[in-house]
Structure formats: C-alpha cells, structure tokens
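**Student:** coordinates only, no sequence provided:
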C-alpha cells in the first residue's frame with residue numbers, strides 16, 4: 001500500500017519527477033516527461049502496478065522499514081535517507097540529474113557503519129501499471145522494453161529475476177558505495193550511454209547550488225521560501241518553459257471520493273502566479289522562458305485561449321479513466337488528461353496579464369508580440385467579460401457570474417491601461433478606462449451583499465468563496481475599504497475549519513454542491529495563505545504571522561505541501577507537491593517580511 005501523501009519526497013530533473021517514500025520505494029515516475037505514462041504507478045494502485053524499493057533487507061512478509069532520518073542535501077533536490085538497523089547504519093542518495101539526453105534516476109547506497117544487508121526490488125510496469133515489459137540482458141545491461149519505450153537498468157551489484165521483478169541482494173560496509181541507475185530511451189534507438197553516477201551527483205549538486213545563489217530573498221523564512229522555489233523550479237519543464245501544476249494525477253482531494261484530477265499540465269493561472277513568485281525572488285530567466293512558452297501556446301488565436309495546455313503547448317488534453325487502477329486508498333476513478341481544458345474561465349485573462357505586467361515592471365526585455373497579445377486579450381474581454389463562466393475552481397456545474405472572474409477581468413484591463421500609459425503599447429485608452437470603470441461598478445453593485453457586508457461567490461448568491469480574498473491583493477479595492485474587511489471577516493466565520501484553515505467554498509457531503517460534485521474536501525492551502533496575506537494588509541499582523549507559521553507546520557519533514565489539508569484526518573490531500581500551495585507561501589513570506597511581522 002502506498003504511503004501517506006506527506007511520506008513522499010520529490011526528486012526531478014526539470015522534465016519529469018519521481019516520488020520516493022520513507023521506506024525507500026519509488027511509487028511514481030513518468031518517463032520521459034511529466035505527462036508521459038508512468039512506469040511506477042504503485043502510488044495509485046498496488047505493487048503490481050510498478051515500484052522500485054531500495055533499502056535494508058527485510059522478511060518478505062514484513063513491512064519495509066522506514067528511514068530513521070531523511071533530508072535534502074543542502075539547497076538541492078538530492079534526497080538522503082538513512083536507516084539505523086541492528087547491524088549498522090546505511091544511507092541511500094536519490095536524485096535525477098538535470099539533463100539534455102536520456103532521463104535518469106540514480107540511487108547510490110552508502111555504508112555508514114556496521115555491515116548492512118540490502119535489497120533492491122525493481123518492478124517496471126509500463127502504461128500506468130497495465131503492461132508487463134519484456135525484460136532481458138543486452139551486452140551486459142538489463143533492459144525493459146514495451147512498445148516505443150525502453151528502460152535500462154545499470155548497477156555493479158549482481159541481479160536476478162523472480163516473479164517478474166529484478167532483484168539485487170548485497171551488503172554494504174562503511175565507505176562502500178554501490179550505484180543503481182535507470183535510464184529511458186525510445187526502444188528503436190541505440191542504448192543510452194553508460195551512467196556515471198558519481199560525476200552526475202557532483203554536477204547535480206553544483207546545478208542546484210548555482211541556481212539557489214540567484215535568490216534575492218534573505219528574510220526570516222528563507223528556508224521555507226528556498227525549498228518552495230526549488231520545488232517550483234522542479235515543476236518547470238526545461239525544454240519549453242511550461243510549468244506543471246503538480247507532477248501527479250488523481251491524488252484525492254477527498255480520500256475515498258471522486259475528486260481526483262490530473263495536474264500534470266500547464267494551467268495558465270498556476271503558471272502565471274508561479275512566474276510572479278519567481279520574478280519577485282530574482283529568477284528572470286524562468287520568466288522569459290515562460291513568456292516564450294505562452295506566446296507559442298496561444299499562437300495567433302487569443303480568442304480561443306485555453307485555461308491549460310500541455311507542457312509543450314499541446315491543446316488536446318482529453319480526459320480518460322484508468323479502470324485497472326484502484327486509486328490512491330481506493331479513491332477512484334484514476335483520471336489522465338483533463339476535461340476542464342476547454343472551460344471558460346475569464347479570470348485567466350487577468351492572471352496572464354498580471355504576469356506579463358510584472359515581467360515588464362521588473363525589467364524583462366520587451367517583447368512586442370507579448371504586448372500585442374495583451375491588447376488582443378483585452379479586445380476579447382470587451383465583448384465577453386459580462387458572460388457567466390466556470391470560474392477559478394473549474395466547477396463542473398452550470399456557469400455563473402463569479403465575482404472573482406469579474407475582478408480578474410478588471411485586473412486585465414487595468415494592467416493593460418498601465419502598459420499603454422507607460423508608452424510601451426498603443427490602444428484606445430479612454431475607451432478602456434471606461435471599460436475598467438464599468439466592470440468595477442458591476443462587481444460592486446451585483447457581487448456585494450450589503451446586508452452581510454461581504455462580496456459573494458457569484459452574482460445573486462449567498463455563498464462565500466475564498467478567491468474573494470484576492471480583491472485587495474489585486475488592487476481592486478484598498479485593504480481598508482469596509483467591504484474588504486467585511487469580506488475577510490465573513491470568510492473567517494463561514495469558511496474556516498476547526499483548526500483555522502480556509503475552505504475554497506462550501507461543500508455538502510453526499511449532495512452536489514456549487515462545483516457539481518458530491519463529497520467534501522479539505523482546507524485549500526492557497527486560500528489559507530491568502531487569508532494570512534489579507535490579515536497583514538488590514539493591520540492584523542500578529543494574527544497573520546501566527547496563521548502563516550501554523551501553515552508552515554503542515555509541511556512534511558522535507559518542506560513539501562500538497563494541495564489541501566484534511567482537518568478530519570489531519571493529513572495532506574490532493575496532488576503533490578502542489579505549485580498552487582508553494583507560490584502563496586513565498587508571497588506571504590515576502591509580505592510578512594516587508595511588514596516586520598515575525599518573531600525572534
């Protein structure tokens with residue numbers, strides 16, 4: 001059975017990623033890209049669906065021992081796990097070297113003390129656990145082949161096959177280092193070059209050291225911020241600049257329920273806010289790469305802007321269910337692809353425009369087509385901003401006039417006006433100033449409940465929505481406006497969990513809610529960070545800091561966050577690690593640091 005979501009560590013090479021459990025098992029890995037088929041899908045099923053366990057030998061009927069300690073090596077994605085056994089201590093070093101060629105997952109076993117018996121058990125299953133590959137020897141190397149894919153397994157340890165699994169049993173003493181590597185290549189090409197694990201380890205450590213040196217944040221939450229930045233970098237697809245929302249699919253928002261989605265794609269919203277956090281902490285190259293990705297993805301067709309694309313800009317992301325996988329803790333269905341790709345979400349225009357605006361304000365070299373795209377997006381909004389949409393949360397129910405969507409349409413127009421006023425674009429300035437005023441007036445008249453002194457989820461509704469917390473952060477209204485303060489306080493009253501975290505919106509158990517789905521979900525971590533931001537903005541700084549540090553305590557031992565926190569089960573839920581959780585962590589740390597709102 002897969003571990004708890006927070007039991008996993010992330011390793012990756014900016015093209016794909018693996019999740020490694022505390023017991024030394026790799027339960028998730030897609031090759032060669034984030035959105036490729038998994039060769040280890042045990043995370044969403046059983047060991048029959050693929051895994052790679054490397055750790056101290058144990059009885060076949062016993063649970064694998066979990067590491068006594070684990071950490072990332074400095075500011076890197078190099079994972080070090082240590083086991084203390086009756087016979088001694090052993091360390092396993094896991095990493096994926098940033099690459100131009102074949103993707104590799106390298107695992108180095110290092111003896112620390114005593115003599116420790118070890119076992120590697122490698123069970124590759126292609127196509128999300130559905131296909132058993134042909135495993136054979138080729139010129140002294142082990143290779144698994146199925147259709148277009150081949151995975152090469154290299155080690156100096158002696159291996160043998162049993163029960164469709166490749167094993168290696170060996171013993172390590174102090175100073176011993178034994179490496180294991182898997183490498184992917186198309187099955188019709190030449191074998192990948194023999195791995196060089198020690199050189200790759202050194203190069204990987206150097207890569208991360210140099211990358212982190214560019215970070216401009218040196219405040220009191222630096223450890224949390226840097227780990228979040230490294231995680232965001234790991235979710236970037238280096239060849240194109242696309243950014244995935246998470247490296248996993250179908251980790252449930254409601255354990256045992258149906259709220260299971262594929263996040264291995266580039267949401268314009270998630271990528272735009274990720275870009276903003278990177279820009280605010282000194283990472284302009286990632287911003288430039290994402291802007292180029294955006295221009296390629298949207299091409300000459302901004303009228304048909306999608307909310308998400310594939311990591312190379314693909315438009316077709318058809319949703320399917322993998323019925324041979326039982327799902328994480330029986331949370332079915334397991335989905336690949338995402339049917340929400342063609343939803344209308346008007347807020348995306350605002351997020352994209354805000355990201356382009358920030359890139360411009362931070363001195364990113366001008367791109368004329370980026371400015372042209374921004375103007376085209378506003379011309380589209382001129383005719384469509386007052387339509388109902390599916391909103392930020394991708395509801396599967398009927399379209400509504402979501403307040404957040406209208407606010408972000410206002411943001412798109414406002415930032416474009418600023419671009420024109422700066423002299424870097426031409427457009428109908430007075431006309432768009434009127435449009436900005438019209439949207440603002442419409443939201444304040446139709447999206448605000450005067451009796452309760454709060455904005456509401458959609459026009460005419462009584463429900464609240466945590467996305468309303470972004471109203472002051474986007475500059476739609478000032479923080480000291482009584483309507484803003486009233487909205488913050490209403491969300492605290494009506495959308496807070498028992499432990500003080502924030503839900504996205506109300507859900508109602510077995511009944512279908514506003515999102516068109518049955519079941520409940522946990523507290524949405526991004527919304528809880530937004531609350532901390534807003535509290536700081538309205539002067540409740542101590543309260544903001546306490547909430548922020550309470551959120552930091554939810555991270556796993558390696559500083560990673562999933563999408564949500566389940567207050568009933570007291571555990572992380574949703575896809576993992578989640579960019580949409582790590583981005584607001586960074587933003588809130590920056591805001592609190594600027595306000596001096598930290599102890600010590």
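**Tutor:** Received, thanks. Quick caveat: nothing in here was measured; it's all calculated off a predicted structure.

**Student:** and the strands in the stretch 151-300 of the chain?
**Tutor:** 159-162, 165-172, 177-186, 236-237, 242-243, 266-267 (DSSP state E, counting those that start in this stretch).

**Student:** looking at those, which is buried most?
**Tutor:** strand 266-267 (a mean of 29; mean count of other Cβ atoms under 10 Å). The way it works is simple: take the backbone N, C-alpha and C, and place the C-beta from them, glycine included.

**Student:** how far away is the spatially closest residue to residue 49 that is not a sequence neighbour from residue 45?
**Tutor:** Residue nearest to residue 49 in three dimensions, not counting chain neighbours: residue 129, with 2.7 Å by Cβ to Cβ, 6 or more residues apart in numbering. According to Cβ to Cβ, to the nearest Å, residue 129 and residue 45 sit 6 Å apart.

**Student:** and the two? Which one has more around it.
**Tutor:** residue 129 (28 against 24; other Cβ atoms under 10 Å).

**Student:** let me see the contact set for the more buried one.
**Tutor:** Each residue near residue 129 by Cβ atoms under 8 Å, 6 or more residues apart in numbering is listed here: 38, 41-42, 44-45, 48-50, 324-325.

**Student:** tabulate those (a markdown table), appending pLDDT, secondary structure and distance to residue 334.
**Tutor:** Shown next, in a markdown table, are the contacts of residue 129 (pLDDT from 0 to 100; DSSP: H, G, I helix; E, B strand; the rest coil; distance: Cβ to Cβ, whole Å):
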| residue | pLDDT | secondary structure | distance to residue 334 |
| --- | --- | --- | --- |
| 38 | 98 | strand | 10 |
| 41 | 98 | coil | 9 |
| 42 | 97 | helix | 12 |
| 44 | 98 | helix | 5 |
| 45 | 96 | coil | 8 |
| 48 | 96 | helix | 14 |
| 49 | 97 | helix | 10 |
| 50 | 97 | coil | 14 |
| 324 | 98 | coil | 9 |
| 325 | 98 | coil | 4 |
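
**Student:** between those, which is closest to residue 544?
**Tutor:** residue 44 (37.2 Å; Cβ to Cβ).

**Student:** quick check: the closest one touching residue 328?
**Tutor:** Yes: if you go by Cβ atoms under 8 Å, residue 44 and residue 328 touch, sitting 5.5 Å apart.

**Student:** more crowded one of the two?
**Tutor:** Higher neighbour count among residue 44 and residue 328: residue 44, with 27 against 24, using other Cβ under 10 Å.

**Student:** and the more buried one, what is it in contact with?
**Tutor:** Taking Cβ under 8 Å, 6+ apart, one finds 2, 28, 128-129, 249-250, 322, 325-328, 334 in contact with residue 44.

**Student:** that one and residue 2, how far apart?
**Tutor:** 8 Å.

**Student:** shared neighbours, these two?
**Tutor:** residue 328.

**Student:** can you flag the buried ones in the contacts of residue 129?
**Tutor:** Neighbour counting with 16 or more other Cβ atoms under 10 Å marks 38, 41-42, 44-45, 49-50, 325 as buried within these.

**Student:** so, low pLDDT: which residues of the stretch 501-600 of the chain?
**Tutor:** 508-520, 597-600 (pLDDT under 70).

**Student:** and the helices in the stretch 451-600 of the chain?
**Tutor:** For the stretch 451-600 of the chain, the helices defined by DSSP state H, counting those that start in this stretch occupy 470-473, 482-494, 525-537, 541-552, 579-595.

**Student:** ok, residue 530 touching residue 471?
**Tutor:** No: contact criterion Cβ under 8 Å: residue 530 and residue 471 do not qualify, at 10.2 Å.

**Student:** pull up the overlap in contacts between residue 44 and residue 328.
**Tutor:** Listed as contacting both residue 44 and residue 328 by Cβ under 8 Å, 6+ apart are 2, 250.

**Student:** tell me which element residue 432 is part of?
**Tutor:** helix 429-446 (DSSP states H and E).

**Student:** tell me what the helix or strand just after that helix is packed against?
**Tutor:** Where DSSP H and E defines the elements, the next helix or strand beyond helix 429-446 is strand 448-449. On a contact count with 3 or more Cβ pairs under 8 Å, 6 or more residues apart in numbering; DSSP states H and E, strand 448-449 meets strand 454-455.

**Student:** what about the chain, any weak spots by pLDDT?
**Tutor:** Counting by pLDDT under 70, the chain shows low-confidence ranges at 1, 61, 508-520, 597-600.

**Student:** rerun that using 80 as the cut-off
**Tutor:** Within the chain, the ranges that satisfy pLDDT under 80 run 1, 59-62, 299-304, 363-366, 394-397, 507-521, 596-600.

**Student:** redo the strands of the stretch 151-300 of the chain as JSON lines? Include distance to residue 591.
**Tutor:** Below are those laid out as JSON lines (distance: least, Cβ to Cβ, whole Å):
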{"stretch": "strand 159-162", "distance to residue 591": "53"}
{"stretch": "strand 165-172", "distance to residue 591": "48"}
{"stretch": "strand 177-186", "distance to residue 591": "42"}
{"stretch": "strand 236-237", "distance to residue 591": "24"}
{"stretch": "strand 242-243", "distance to residue 591": "22"}
{"stretch": "strand 266-267", "distance to residue 591": "23"}
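
**Student:** and those: which comes nearest residue 526?
**Tutor:** It's strand 266-267; of the strands of the stretch 151-300 of the chain, that one is closest to residue 526 (Cβ to Cβ) at 12.4 Å.

**Student:** same for that closest one, what does it pack against?
**Tutor:** strand 308-309.

**Student:** which other residues reach the strand it packs on?
**Tutor:** Against strand 308-309 from outside (Cβ under 8 Å, 6+ apart): 242, 265-268, 297, 315, 317, 338, 340-341.

**Student:** okay, how far is it across stretch 454-471, tip to tip?
**Tutor:** This stretch, stretch 454-471, spans 12 Å end to end (Cα to Cα, to the nearest Å).

**Student:** I misspoke; the intended subject was stretch 149-161.
**Tutor:** Counting by Cα to Cα, the terminal residues of stretch 149-161 are separated by 20 Å.

**Student:** residues in contact with it?
**Tutor:** 31, 37, 39, 120, 122, 124, 126, 133, 135, 141-144, 166-170, 178-187, 191-192, 194-195.

**Student:** next one: stretch 371-386
**Tutor:** Outside stretch 371-386, the residues that touch it by Cβ under 8 Å, 6+ apart are 294-295, 298, 302-303, 305, 346, 349, 352-353, 356, 401, 406, 409, 412-413, 415-416, 419, 424-425, 427, 432, 435, 439, 442.

**Student:** going through the residues you listed, which ones are buried?
**Tutor:** Judged by 16+ other Cβ under 10 Å, buried ones among the contacts of stretch 371-386: 294-295, 298, 302, 305, 346, 349, 352-353, 356, 401, 406, 409, 412-413, 415-416, 419, 425, 432, 435, 439, 442.

**Student:** make CSV from the contacts of residue 44 and add distance to residue 448 and secondary structure to it.
**Tutor:** Formatted as CSV, the contacts of residue 44 follow (distance: Cβ to Cβ, whole Å; DSSP: H, G, I helix; E, B strand; the rest coil):
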residue, distance to residue 448, secondary structure
2, 45, coil
28, 44, strand
128, 47, helix
129, 50, helix
249, 38, strand
250, 38, coil
322, 44, coil
325, 45, coil
326, 46, coil
327, 41, coil
328, 40, helix
334, 41, coil
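
**Student:** can I get these in JSON lines with distance to residue 232?
**Tutor:** Converted to JSON lines, those look like this (distance: Cβ to Cβ, whole Å):
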{"residue": "2", "distance to residue 232": "24"}
{"residue": "28", "distance to residue 232": "19"}
{"residue": "128", "distance to residue 232": "26"}
{"residue": "129", "distance to residue 232": "29"}
{"residue": "249", "distance to residue 232": "19"}
{"residue": "250", "distance to residue 232": "22"}
{"residue": "322", "distance to residue 232": "28"}
{"residue": "325", "distance to residue 232": "28"}
{"residue": "326", "distance to residue 232": "31"}
{"residue": "327", "distance to residue 232": "27"}
{"residue": "328", "distance to residue 232": "23"}
{"residue": "334", "distance to residue 232": "26"}
